[in-house]
Every structure is written in structure tokens, then in C-alpha cells.
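[1] mind folding the following:
(one chain, ligands or ions: 1)
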Amino acid sequence: MTATESSPTSPPPAADAGSATAASPDRTPLGTARAQLATAVGLLGYDDGLHAMLATPRREITVAVPLRRDDGSTELFTGYRVQHNISRGPGKGGLRYAPSVDPDEVRALAMWMTWKCAVVELPYGGAKGGVTIDPRRYSRTELERVTRRYTSEIMPMIGPERDIMAPDIGTDQQTMAWVMDTYSVNRGYTIPAVTTGKPLEMGGSLGRATATSRGVVHSTRAALADAGLGLGEVSVAVQGFGKVGSHAARFYAEGGAKVVAVSDQDGGVHDPGGLNVPALMAHVAETGSVVGFPDADPIDNRSLLGLDVDVLVPAAVEGVLDERTALGVKARWVIEGANGPTTADGDRVLAERGVVVVPDILANAGGVVVSYFEWVQANQAYWWTEHEIEERLEQRMLSAYAAVSQAARADGLSLREAALVIGVRRVAEAHQIRGLYP
Ligand code: NAD
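    Below you'll find the predicted structure:
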């Protein structure tokens, strides 16, 4: 069967456990990503051959990243870059520095980027990179050396027409400036479009630093509007207070929502009357954590997930909503700021309990949308105003949400299933139109 012959009633293809197409029951990010793909492939009625092509990364590289530490000793890290799919354009995806980084996590994150870019109609495939390192344990100069060595090791795979990096957990705009500089120095001229999420002074885009969070809030507004509600009528809890979670909390509060709890990897804070988010951001800037914020009660990350709020925003790491924690969720909406925060089992439990989940590949796509704007601006060496960027971001998020929500209603699917079907179908169609070489 071809990509466009869909038969919604066909069962998913049988797959071997452990193979790239296995709808694995495991709770790892890759198990979740594969199970989601298998669901979409089943709904689209694709055959085993196409399923295998969609499930399997196109290219992967593993590199050794030796670091000379500030004290003169050496340490060795492992880095990865995975291009899951490049049929619709160059690979696009973040660079993660975290102790959890392993090849399968990077593969899962790269696969989600493929569907995400297709859902918001960007001319990109999906990629992801990572280094297994806890960045909090290393100095700035050590992180600069790690970044430059990692970049030079993966040089053959990246480039503005090949694979474009952006910040993710544990990396930031400075990391992107180092990647861009290392790549440019080795090529002999300045190539800003090799990364996005760069500092404004160095070819970054206005609006990029807050784009993921703005997109999360746009998709929340759209989901609430489906139920006849506005932001001013809801309470919100946000897990993760980093680049995504902190600005999302701020935009929720600015939009009139009551942000009652936030957390980071050290713990959380809770005030049923509503937290003062700007004061909380100032506290984090000073102390490095939300923990210890005065005038709020401490709360742990797990309890935050079960708070009696309207909107729950996991914006930290994968797999936090599994079948057990999903049972405790009292929120009516889960807006996935993080990538892969809900396991396949957690998703089933949330659906059974009537919780509306706005999936990661839609909810947090604002970041890659403005990354695309940054890449376009860098390629044409002409920068847009903040107003132009914010307007185009909102328009893209709302039109993607409308398409997904309409497909969900028309076909009786969850928002995640509808988003996956749209994303996977667009990628499969690109495969089909291009044909199989040779
Ligand atoms: P970040 O490093 O800026 O922040 C991560 C936050 O999560 C920090 O507050 C950290 O303390 C917290 N955290 C880490 N481990 C945790 C744990 N086990 N429990 C609770 N909190 C924990 O990263 P970010 O860029 O904000 O990314 C957060 C999530 O959003 C990731 O899943 C990332 O892939 C996704 N995402 C990021 C972007 C982006 O533009 N940065 C875009 C799309 C999706």
C-alpha cells in the first residue's frame, strides 16, 4: 500500500519486539515514540516497508568528546547527532546536555522533531543531538571546549542546508554561538544559519528566546476556546522552570491565568492563591532554583502533577506522566511543553479519564517555528521586527491547532493521534513523491 492509500480500519503492521517498528510496551522515550508512530501508521494503513522507513533514523553519528578540564586533567564524554528524517528538508533539532542523554533518547527526540516540523509545515526534517554530561558540574570555559570539540566532530553532518541545531535542555544561546563560531571558523567564513536560538547580536531572531513558551500559551488558549473558556478562568501548574516553563508561566499569568505551582529539578513551590511569577523569576536568577521562594509552600515534582488545577504543563523531561502518575492527574487539560512527557500507557489513562492532551509535536512547536524564521532571516541577511515574528508565530500555531483539532473531531481521534496522522502523512507523502533511489 502506498503513502496516500489510507485505510483507517487496517490494523497496525505486526512488528518484532525490539525492531525499529515495534510498538514497544516499554516506557523509554524511544518506546513511546515508536508506539505513537505505530498508532499513526495503523490509522493511515501504511505497510510494513513504509513503517520501517518512517521508524528508522536516516543517519546517526556517535563521537568521543574529550575535555581538558580547568585543573589540567582530562575527561571523556560521548556525543550523538541523529537525523531521523530529511525527506522534507534539512534536519532540525536541539542539542541537549544532560546525564540522561543516550542514543535511544536522541533517536526518540529526533523522531518527534520530524513529525513536529511537518505538523507546523516547516520545510525541515527532524534531528537531535546530545552529549552525556551534567552541565551544572562544569565551568563555562569547560562547556565551551566540550561544545567546540563536539561541533568539530559532527561537522560532516551539519550545515545550514543539512542539519540546523538549536538549544534544548542544558544548552542556551551561548552554546549556539560557540557551535556557529566553530563551524564558521572551520569553513572559513561566517555562517549564521547553521544554528538557531543564537544571541541577537550574532544573527539571532527577536522573539526566539520566548517562542516555545508563547506557542505553548497560544495552543492552551486554542484548547480552552474549544471548551468556551479563556485564560482568565483557569489555574495552571507548570513542571520545569527553564527556558520553556519559566516564560510559559509568565505568559499564563500575564494572560490572566492563576499560576499556582511551578517546579524544577530541585523541587517546587505552591500557592493556591497564585504565585507572583516575575518575583519568582528574580528569585531563580538570584539562587538558581525556585526552591526557597518566600510566601509559598514547598511541593515535590510528583505532587505537582496531581494538583487540583485546570491546566497542567509538563515542561521538563520525558516520561513523567506514566500510567501511575496519569491516574492522579486532576487537570482537565495537559499541555505538553516538554518533548515526550507522557508515556504511551500514561496517554491511554489520560484519554480514558477524559483529560484533553495537547501533544508536544503541536504544543511546543513555537520554538522551531521561530527557529525557522531565524534561519530564513539569516539566509536572506535581513531581520524582521518583533511584531512581525510574534504575529507570524501566532498565526502558524493557531492554524496548526485548528487543522489538528478539526481532524480529531472529523475522525474521532485524540489531538495526539490527529497531530501524528497529519505529521506522519506529510512525511510519507514526501517519500512517495520523491520516489525510492535507486
Ligand atoms: P532547560 O534546561 O532550560 O530547563 C529544564 C527545566 O526542567 C529546568 O527548570 C530543570 O531544573 C527542570 N528539570 C530537569 N529535570 C527535571 C526533573 N527530573 N523533574 C522536574 N524538573 C526537571 O530546558 P528547556 O529548553 O526549557 O526544555 C524543557 C523541555 O522542553 C524539554 O523536554 C525540551 O526538549 C522541550 N523543548 C524545548 C524547546 C526550546 O526551545 N528550548 C522547544 C521545544 C521543546
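[2] neighbours of the closest residue to the ligand within the stretch 51-200 of the chain, how many?
    The stretch 51-200 of the chain approaches the ligand most closely through residue 169 (4.0 Å), counting by CB to the nearest ligand atom. Bear in mind the C-beta positions are built from the backbone N, C-alpha and C, glycine included. For residue 169, the tally of surrounding residues (other CB atoms under 10 Å) stands at 23.
[3] any idea how far it lies from residue 415?
    Residue 169 sits 24 Å away from residue 415, going by CB to CB, to the nearest Å.
[4] got it, and residue 388?
    In this view, residue 388 and residue 415 are 29 Å apart by CB to CB.
[5] so these two - more neighbours on which side?
    Shown here are residue 388 and residue 415; by other CB under 10 Å, residue 415 has more neighbours (23 against 13).
[6] ok, that one - contacts?
    223, 356-359, 362, 404-405, 408 (CB atoms under 8 Å, 6 or more residues apart in numbering).
[7] quick one: the helices in the stretch 101-250 of the chain, in order.
    103-119, 140-154, 173-187, 211-226, 243-254 (DSSP state H, counting those that start in this stretch).
[8] for the chain, which helix is longest?
    Secondary structure assigned by DSSP state H gives helix 386-411 as the longest helix of the chain.
[9] mind giving me the packing neighbours of that helix?
    Packed against helix 386-411 by the contact rule (3 or more CB pairs under 8 Å, 6 or more residues apart in numbering; DSSP states H and E) you find helix 211-226, helix 360-363, helix 366-380, helix 415-434.
[10] and the third one, what does it pack against?
    Using 3+ CB pairs under 8 Å, 6+ apart, the elements in contact with helix 366-380 are strand 91-98, helix 103-119, strand 163-167, helix 211-226, helix 386-411.
[11] rerun at 6 Å
    helix 211-226, helix 386-411 (3 or more CB pairs under 6 Å, 6 or more residues apart in numbering; DSSP states H and E).
[12] looking at residue 23 now. What's its pLDDT?
    Residue 23 is assigned 51 on the pLDDT scale.
[13] for residue 119, same thing?
    At residue 119, the pLDDT recorded in the model is 98.
[14] what do you get for residue 232?
    98.
[15] got a list of what it touches?
    Residue 232 is in contact with residue 256, counting by CB atoms under 6 Å, 6 or more residues apart in numbering.
[16] equivalent analysis for residue 40, please.
    So residue 40 contacts 420-421, 424 (CB under 6 Å, 6+ apart).
[17] near the ligand, which residues of this protein?
    Contacts of the chain with the ligand, taken as CB under 6 Å from any ligand atom, map to 167-170, 212, 239-245, 263-265, 301, 315-317, 337-339, 364, 367.
[18] what residue ranges in this protein score low on pLDDT?
    1-26 (pLDDT under 70).
[19] quickly list the domain ranges of it.
    Annotated domains of the chain cover 14-202, 211-358 [automatic domain parsing].
[20] mind checking the longest strand of this protein?
    Taking DSSP state E as the criterion, the chain has its longest strand at strand 74-85.
[21] got the angle for it vs strand 163-167?
    120 degrees (axes from the mean of the first three to the mean of the last three CA atoms, to 10 degrees).
[22] can you list the strands that strand 74-85 pairs with?
    strand 59-68 (antiparallel), strand 126-132 (antiparallel) (DSSP bridges).
[23] how far away is residue 348 from the ligand?
    Going from residue 348 to the ligand by CB to the nearest ligand atom, to the nearest Å gives 21 Å.
[24] would that residue count as being in a strand?
    No - secondary structure of residue 348 (DSSP: H, G, I helix; E, B strand; the rest coil): helix, not part of a strand.
[25] tell me which residues touch the spatially closest residue to it that is not a sequence neighbour, please.
    In this structure, residue 348 finds its nearest non-sequential neighbour in residue 323, 7.4 Å apart by CB to CB, 6 or more residues apart in numbering. By CB under 6 Å, 6+ apart, the contact list for residue 323 reads 345-346, 349.
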